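> Structure here, sequence nowhere to be found:
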C-alpha cells in the first residue's frame, strides 16, 4: 500500500470518527476525545523527553471529573476554571513527591504537557455544553473549519505563495496561503451557518477567523517542538499522516479562544 492510499484511507477514517462522535451521545463524544488526548500526551511526552506517567493520571482524573460535572449539570464555566487551576497545583505536588528528578525541569515539563495536551481537550469536551444543552455540532463545525483552513491555505500557498510567514519554523507557510485560507474558511463558515443553525452566522464567521489565525499559530508551535526534538512527525500512529498532534495541532490551540468567544457572546446575549 503506497503512502497516498494509506493517507486517503486513514484520513477518511479519522473524519468518520469525528463525525460519529459529534453525531451520537455525550459518552461516545467524551470517549473519542479521551483517546485522542491520551495519544497526544504520549506523543508530546516523547518529544520533550518527559519520563513520567503523571500526565496520564491527571488527564484521566480531569476527564472523569468533567464528565461527572456535566452529567450533574454543574455550572461549566466555573468547573473548567477550577479544573485548570487544579492542574497547576497537581503538577507541583507530583514534583514534590518525585525525588529522582530535577525539580524545576520536571515541573516545567509536566506543566507544559498539561497546558498543551490536556487542557485543550477539556475545552473541546466542554464546548458542546457551554449553553447547558449538548450541541456537538459546534465542535464538528470547528473541525470542518480547521480542515477548510488547512486545505485552502496549502493550495493557495502552493500556487501563489511568495512571502514567507515564519521561515525559521515552517519554511513552506506563506502569507498568501494564510490569506487564502482565511477567505475560503469564511465561505465555509457561511455554509455551516445554513446547516448548524444553533450558532449564528456572525459567530461562525468569527470562529472561522479565530481558527484560521490561531490554528496556524498552533501548527507553528508544534513545528517548533518537533524541530527541537529533531523529528519530522509527532509519531507514526496514524499511517500516512504522522501522529495525533500532527492532525490536532490547529484545533487544540484554537479551541480555548473559541470557547472564550462563545462563552462571552452567549453571556452578553450578542
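Sure, I can see it. Note that the structure is predicted; figures quoted are calculated from it, not measured.
> got the residue ranges for the helices in this protein?
With helices called from DSSP state H, the chain shows them at 3-21, 26-47, 54-71, 76-97, 103-113, 119-126, 137-160, 175-195, 201-229, 244-267.
> Would you single out the least confident of the ones you listed?
If the helices of the chain are sorted by mean pLDDT, helix 76-97 sits at the bottom with a mean of 57.
> on that earlier part again, name the stretch among the helices of the chain that sits most buried.
helix 119-126 (a mean of 23; mean count of other CB atoms under 10 Å). (Each C-beta comes from the backbone N, C-alpha and C, glycine too.)
> need the contact list for residue 154.
Applying CB atoms under 8 Å, 6 or more residues apart in numbering, we find residue 154 in contact with residue 177.
> before we move on, back to that, which one of the helices of the chain lies closest to residue 168?
Of all those, it is helix 201-229 that lies closest to residue 168, at 9.0 Å by CB to CB.
> how does the chain divide up, domain by domain?
For the chain, the structural domains run 24-134, 136-270, going by automatic domain parsing.
> now those domains in JSON lines, with distance to residue 17?
Below are those laid out as JSON lines (distance: least, CB to CB, whole Å):
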{"stretch": "domain 24-134", "distance to residue 17": "6"}
{"stretch": "domain 136-270", "distance to residue 17": "11"}
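> Out of those, which is closest to residue 8?
Here domain 136-270 is closest among the domains of the chain (CB to CB), at 7.6 Å.
> that older thread, can you lay out the helices of the chain as CSV showing distance to residue 168?
As requested, the helices of the chain are arranged in CSV below (distance: least, CB to CB, whole Å):
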stretch, distance to residue 168
helix 3-21, 27
helix 26-47, 18
helix 54-71, 29
helix 76-97, 30
helix 103-113, 21
helix 119-126, 25
helix 137-160, 17
helix 175-195, 15
helix 201-229, 9
helix 244-267, 17
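> Can you say which of those helices is nearest to residue 166?
Once those are compared by CB to CB, helix 201-229 is nearest, at 5.6 Å.
> Nearest to residue 238 among the helices of the chain would be which one?
Proximity to residue 238, assessed across the helices of the chain by CB to CB, is greatest for helix 3-21 (5.4 Å).
> how far off helix 244-267 does the closest one point, in degrees?
Orientation check (axes from the mean of the first three to the mean of the last three CA atoms, to 10 degrees): helix 3-21 against helix 244-267 gives 30 degrees.
> Residue 7: which of the domains of the chain is closest?
Taking CB to CB, domain 136-270 is the member of the domains of the chain nearest to residue 7, at 3.3 Å.
> now that closest one: how far from the chain's centre is it?
Relative to its chain's centre, domain 136-270 lies at 9 Å (CA atoms, centre = their mean, to the nearest Å).
> same deal with stretch 40-60?
With CA atoms, centre = their mean, you get 16 Å for stretch 40-60.
> Quote the end-to-end distance of it.
13 Å (CA to CA, to the nearest Å).
> thinking again about what came up before, so for residue 14, which of the domains of the chain sits nearest?
domain 136-270 (6.5 Å).
> list the contacts for residue 118?
By CB under 8 Å, 6+ apart, the residues touching residue 118 are 37, 41, 55, 58, 59, 62, 87.
> Nearest to residue 125 among those residues?
Nearest to residue 125 among the contacts of residue 118 is residue 37, at 9.0 Å by CB to CB.
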